[in-house]
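**Q** What follows is a predicted protein model with its sequence.
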Amino acid sequence: MEIVEIINAWQFPPNTLINRYLPKNDFYKHLRKTEDKRLVQKMIKRIWWLASFKSETTNIPIYESENELYTEIEFLYVQMNEQVAFDKIFQVLSNAIPYPLVVFVAFPEDCAIYTGKYERKKDDYLKLIRTYPSACFTEGEIQNTLKKLSLQNLPSLNFKVFYEGINNAVSATVVEEEFGVYKTSIDAQLKDDLERLSQEIAKLENRAKEEKQLNKKIPILLKLKNKKEEQESLLRSI
């Protein structure tokens, strides 16, 4: 899919459009670690700056507190050379760009959208503390996926609320894929809790299979039952 098709499908407000190629060399000067520079050089094919959301172009107020800072939001398109985990690369990009990011990632086999949770540092730079990837989707599903992540339907009380709305929309795609529950928006923390419980359930199931002594197996099965009920309760609350 061409860049212009992604821009049109995402329906960026005209005043926010950048639509500009970003040479990888522009990032190198902002990266201190040689390994980060090598990662960008090896794994990324190209970077495109799609849009920039600022108060003067969107009428969305900035948000700041002691621990958070949302003055603008940047939207990027990143084309990858390889089908690899993107979390580390998202971290590197976040180190180079001092604003919350929304990154459309095109892998050789599929696509995904990445956002994050940030913490304000003393120098007013941001520290990425959590990464939120969407469910993966094919090129043929881009239109439908970006419709689910429509920017026009997000709350716009301020940039924090707006960005968290994107996180929640991204989280909803993961919950739909993993648990079969469709909602346009699901709290990112709730998604994290569901995934944590899935990991705990899997570990308990393995322990129950391996345990041969009945007196030791019963407490594991009871704990497993409680974890499943807790997860089912969370799913019903969506």
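**A** Nice, I can see it. Since this is a predicted model, take the numbers as computed values, not measurements.

**Q** Report the buried residues of the host helix or strand of residue 224.
**A** Here residue 224 is covered by helix 214-237, with elements defined by DSSP states H and E. For helix 214-237, a neighbour-count test (16 or more other Cβ atoms under 10 Å) marks 220, 224, 227, 228, 231, 234 as buried. C-beta coordinates here come from the backbone N, C-alpha and C atoms, glycine included.

**Q** For it, which outside residues touch it?
**A** 179, 181, 190, 193-194, 197-198, 200-201, 204-205, 207-208, 211 (Cβ atoms under 8 Å, 6 or more residues apart in numbering).

**Q** just curious, which of the buried residues of helix 214-237 is nearest to residue 78?
**A** residue 234 (32.3 Å; Cβ to Cβ).

**Q** ok, that closest one to residue 167 distance?
**A** Distance, residue 234 to residue 167, using Cβ to Cβ, to the nearest Å: 18 Å.

**Q** Start from the N-terminal end of this structure and give the helices.
**A** For the chain, applying DSSP state H gives helices covering 3-10, 25-28, 34-43, 55-58, 87-96, 142-148, 159-179, 188-210, 214-237.

**Q** Check which helices and strands the first one sits against.
**A** It refers to helix 3-10. strand 17-22, strand 44-54, strand 72-80, helix 142-148 (3 or more Cβ pairs under 8 Å, 6 or more residues apart in numbering; DSSP states H and E).

**Q** what does the third one rub up against?
**A** To tie it back to what came earlier, the one meant is strand 72-80. By Cβ under 8 Å, 6+ apart, strand 72-80 touches 3, 6, 10, 12, 22, 43-55, 62, 86, 89, 93, 97, 99-108, 159, 162-163.

**Q** before we move on, back to that, and the helices of the chain, which one is worst for confidence?
**A** Lowest mean pLDDT within the helices of the chain: helix 25-28, a mean of 80.

**Q** circling back to that earlier point, nearest to residue 114, out of the helices and strands packed on helix 3-10?
**A** That would be, of these and by Cβ to Cβ, strand 72-80, which comes in at 8.7 Å.

**Q** Buried residues in stretch 116-127, which are they?
**A** Using 16+ other Cβ under 10 Å as the test for burial, stretch 116-127 gives 116, 117, 118, 120, 126.

**Q** Tell me which of the residues you listed fall in strands.
**A** When DSSP state E defines the strands, the subset of the buried residues of stretch 116-127 inside them is 116, 117, 118, 120, 126.
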